[in-house]
Structures are given as C-alpha cells and as structure tokens.
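Colleague: only the shape, not the letters, is given here:
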C-alpha cells in the first residue's frame, strides 16, 4: 500500500485521506507508460503544441495524445474509432499512432 496517499477506514466507517510528500522517482514512475509495442511514452520531448496546418497536437509535444489521451473519446490521432467499454479482444491502443482508446476527460 502506498504510504504517501491512501484511504483509511476506522471501526466507525469514517474515511480519511492522508497526503504526504512524493519523491521525484515516484512521479516519474507514475508518468511512464509502456505501449503494447514496447515503446515508452510519458515525457514531453518537443516544445511544439499544435501543427499549424492541421490544428492537431504534435507527437511528443505539449498536447501529445499518446501522453495525455485522446481529444475525442474513442478516436485516436490517426482517426481510427473504437467503442469504449467493449472488452471483445479489441486493442486498447491504436497500432498506428499509439493513442489509447479511453474517455477524454479534463
């Protein structure tokens, strides 16, 4: 159990939240994500935001869909579409661009 952030329930069913400092190594571990093809994402490596002609987020930029998730729910960066919530052996991420098929929430 993580000692920095966890819920405790006492005998009277009261919930408590304990918050503590987190090490830089733990933050890096939370940010790192390994795609099914073995590629590691989670770090912004380019200073770009959007492509000036297409208005789509730049890959590995400040608004990269591989790092932060899709802009529209179930639609990846290259335009493939998957219905979210169906567990029928559908890939959890696009094989072409690497974006996960998840809800887009802010």
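Modeller: On my side now, so go ahead. Model, not experiment: these values are computed from the prediction. Numbers count the residues shown, from 1 in each chain.
Colleague: can you name the residues that contact the residue lying closest to residue 49 once chain neighbours are set aside?
Modeller: Among residues not flanking residue 49 along the chain, residue 62 sits closest, at 4.9 Å (CB to CB, 6 or more residues apart in numbering). In short, each C-beta sits where N, CA and C put it, glycine included. By CB atoms under 8 Å, 6 or more residues apart in numbering, the residues touching residue 62 are 44, 46, 47, 48, 49.
Colleague: distance of residue 50 relative to residue 98?
Modeller: Separation of residue 50 from residue 98 (CB to CB, to the nearest Å) stands at 18 Å.
Colleague: the two - which one has more neighbours?
Modeller: residue 98 (21 against 13; other CB atoms under 10 Å).
Colleague: do you have the helices of the chain handy? List them.
Modeller: Under the criterion DSSP state H, the chain carries helices at the ranges 24-31, 65-68.
Colleague: what's the shortest one in contact with?
Modeller: Right, the one you point to is helix 65-68. With CB under 8 Å, 6+ apart as the criterion, helix 65-68 contacts 33, 35, 41-44, 57, 59-60, 71, 76-77, 97-99.
Colleague: one step back: of all the helices of the chain, which lies closest to residue 16?
Modeller: Ranking the helices of the chain by proximity to residue 16 (CB to CB) places helix 24-31 first, at 21.1 Å.
Colleague: quick one: list the elements packing against the closest one.
Modeller: Helices and strands touching helix 24-31, by 3 or more CB pairs under 8 Å, 6 or more residues apart in numbering; DSSP states H and E: there are none.
Colleague: next one: that helix to chain centre, how far?
Modeller: Remark: helix 24-31 is offset 14 Å from the chain centroid, using CA atoms, centre = their mean, to the nearest Å.
Colleague: neighbours of residue 31, how many?
Modeller: Other residues lying near residue 31 total 12 when counted by other CB under 10 Å.
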